[in-house]
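Peer 1: Sharing a model that was predicted from the sequence below.
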Amino acid sequence: MSEKRKKYWDFKAAVNGVGELYIYGDIVSWKTDDGDTSAKSFKSDLDALGDISRLNLYINSPGGSVFEGVAIGTMLKRHKAHITVFIDALAASIASVIAMAGDIIRMPRNAMMMIHNPWDFVIGNAMELRKAADDLDRIGISVKESYLAKTGDKLEDPKLTELLDAETWLSAQECLDYGLCDVIEAANQTAASVSQELFAKYRNVPKDIAAKLKEPEAPEASGNDEETTAYLQQIKDTAGLELQNINSYLGGIING
């Protein structure tokens, strides 16, 4: 029996017409016998919230599948609810496109956003490679429109193209200046969701984010069995997470 994959989103039941959605971690697509973690099942969960008037969307993600992200962003943009996006720590790559579905985007002062051109793994002959390049160009146009629709006259197409070409990591203040967010809030302590497999693909990862990729330090010998047990459990959990990230990465190549 296929392993059931945990969804990278979490909906909270609506209260007084207000629903909550958390997108934390890598944006991937899994279709197994036991479950469906994809834009299709995302829509089912979104519809299950019922007739809501407001949706609070919390994002902390390094990105992932461009196709999944574009589909989810489009669903949210079409939804009749007023959407407030909270970028808790990081909205990178396709996660930043999902954020553009918000009517209001709020960022803590120490949060970041990363934007870049879409890319893909391609294997095939010259015709297939040319088709892949054409497909990426079309996807790139769609992604640019998502940003430009939000930024208005604060960000012109030539400047946006420059930022995308350079794989640009933007501070909250820069996002506000470019129209990519609407409100800057006080700094928070939320830790960015880190995937070594995904961040390894990016060229310009800031040092403070890259530092979070280091292995946890072992506790000093103290004779404290509880501390040692907790540390060993942390290693086990980290190893399991890394295995999941590797499987997500390989699955994206196979399914893409």
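Peer 2: Great, that's in hand.
Peer 1: Within its sheet, name the partner strands of the longest strand along the chain and how each one runs.
Peer 2: Assignment by DSSP state E gives strand 82-92 as the longest strand of the chain. Here strand 82-92 has these sheet partners by DSSP bridges: strand 54-61 (parallel), strand 104-108 (parallel), strand 112-115 (parallel).
Peer 1: Could you export whatever helix or strand comes next after that strand as PDB, CA atoms only?
Peer 2: Of the helices and strands lying after strand 82-92 in sequence (DSSP states H and E), the nearest is helix 94-99. Taking C-alpha atoms only, helix 94-99 is exported to PDB below (Å, rounded to 0.1, in the frame of the first residue of the first chain):
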ATOM      1  CA  ILE A  94       6.100  29.900  -6.200                       C
ATOM      2  CA  ALA A  95       5.000  30.600  -2.600                       C
ATOM      3  CA  SER A  96       5.300  34.300  -3.400                       C
ATOM      4  CA  VAL A  97       3.000  33.900  -6.300                       C
ATOM      5  CA  ILE A  98       0.400  32.300  -4.100                       C
ATOM      6  CA  ALA A  99       0.800  35.300  -1.700                       C
END
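Peer 1: dump the residue contacts of the closest residue in space to residue 53 that isn't next to it in sequence.
Peer 2: The shortest distance from residue 53 to any residue other than its chain neighbours is 4.2 Å, reached at residue 17 (Cβ to Cβ, 6 or more residues apart in numbering). From N, CA and C alone the C-beta is placed, and that goes for glycine too. Applying Cβ atoms under 8 Å, 6 or more residues apart in numbering to residue 17 gives the contacts 51, 52, 53, 54.
Peer 1: Repeat that for residue 42.
Peer 2: Residue 42 touches 7, 9, 71, 72, 75, counting by Cβ under 8 Å, 6+ apart.
Peer 1: The same query, at a cut-off of 7 Å, please.
Peer 2: Neighbour list for residue 42: 9, 72 [criterion: Cβ atoms under 7 Å, 6 or more residues apart in numbering].
Peer 1: go on, residue 69?
Peer 2: Residue 69 is in contact with 27, 94, 95, 97, 98, counting by Cβ under 7 Å, 6+ apart.
Peer 1: Do me a favour and average the pLDDT over the longest strand of the chain.
Peer 2: Average pLDDT, strand 82-92: 95.
Peer 1: Dump it to CSV, restricted to CA.
Peer 2: Taking C-alpha atoms only, strand 82-92 is exported to CSV below (Å, rounded to 0.1, in the frame of the first residue of the first chain):
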residue,chain,number,x,y,z
HIS,A,82,-11.6,38.8,1.2
ILE,A,83,-8.1,37.3,1.6
THR,A,84,-5.5,38.6,4.0
VAL,A,85,-2.1,37.1,3.6
PHE,A,86,0.4,36.9,6.5
ILE,A,87,3.9,36.0,5.4
ASP,A,88,5.1,34.7,8.7
ALA,A,89,8.7,34.3,7.8
LEU,A,90,9.4,33.4,4.1
ALA,A,91,7.5,33.3,0.8
ALA,A,92,10.0,32.1,-1.7
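Peer 1: Please point out which parts of it sit buried.
Peer 2: Along strand 82-92, these residues count as buried under the neighbour rule (16 or more other Cβ atoms under 10 Å): 83, 84, 85, 86, 87, 88, 89, 90, 91, 92.
Peer 1: What of stretch 118-133?
Peer 2: For stretch 118-133, a neighbour-count test (16+ other Cβ under 10 Å) marks 118, 132 as buried.
Peer 1: Export the contacts of residue 69 to a markdown table and append columns for distance to residue 179 and neighbour count.
Peer 2: Output for the contacts of residue 69, formatted as a markdown table (distance: Cβ to Cβ, whole Å; neighbours: other Cβ atoms under 10 Å):
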| residue | distance to residue 179 | neighbour count |
| --- | --- | --- |
| 27 | 23 | 27 |
| 94 | 19 | 26 |
| 95 | 18 | 28 |
| 97 | 15 | 25 |
| 98 | 17 | 30 |
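Peer 1: Just give me the closest of those to residue 156.
Peer 2: Using Cβ to Cβ, residue 97 is the member of the contacts of residue 69 that sits closest to residue 156, with 18.6 Å.
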